[in-house]
Every structure is written in structure tokens, then in C-alpha cells.
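Q: What follows is a protein structure lacking sequence information:
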């Protein structure tokens, strides 16, 4: 379901998560020479939610420890948590989903 301002009528707390995908590429024979590029898609989604007066946090687990995500979950008390991922990250995203439900 796509979240629009019609679906969220009151101010909500939302965390948007980018799972760590570095472990997938550790086994790759070709390495990238570029620095880590942040995903702008969550920044765009987050900014749209901010204009609707919601509180938004983005947690990129490629540059943030998982323990920081747990601290954020406990201190921020989100109403919604979104995880963006591609097919190779399906299992990791499921694991993160379980972690979020426990915290």
C-alpha cells in the first residue's frame, strides 16, 4: 500500500531503513572504486512526509551500526517503519523486520 496524506491523518513518527548490503558484495570478484552513494529515494520520501508534518528518521545500516537502530526504535517509538531493499536482501530485510517487531 502506498502511503499518502489521506492514509495518515495525524502526525506520525516514521523510520525509513536501508539494510546493510555490503555483505552481498564481499564475495564479488569485481569491486567498485566509488565511495558509498547514499540512496536518495528515502530522502525524497522522507522530505515528502516532513512536508505533511510527520517526524521522520532515516537509518542507513551501511554506515550505522545495528545497535544504533535498536536505540532509535526504543527512543523514537515509531508508528511506521519502512525498509527498502532489492531481491538479494530479502532474507536480511526479513531478519530486520523481526528485529523491529521485538524492539
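A: Structure's in. What do you need? Computed from a predicted structure; not experimentally measured. Numbering: from 1, shown residues only.
Q: Tell me how far the lowest-mean-pLDDT helix or strand in the chain lies from the chain's centre.
A: For the chain, the helix or strand with the lowest mean confidence is helix 22-25, at a mean of 75 (criterion: mean pLDDT, DSSP states H and E). Relative to the chain's own centre, helix 22-25 is displaced by 17 Å; criterion: CA atoms, centre = their mean, to the nearest Å.
Q: same for the next helix-or-strand element following that helix, what does it pack against?
A: Downstream of helix 22-25, the next assigned helix or strand under DSSP states H and E is helix 40-51. Using 3 or more CB pairs under 8 Å, 6 or more residues apart in numbering; DSSP states H and E as the contact test, the elements touching helix 40-51 are strand 13-18, strand 55-60. Quick note: C-beta positions are derived from backbone N, CA and C, even for glycine.
Q: change it to 10 Å
A: Contact here means 3 or more CB pairs under 10 Å, 6 or more residues apart in numbering; DSSP states H and E; on that basis helix 40-51 packs against strand 13-18, strand 55-60, strand 80-83.
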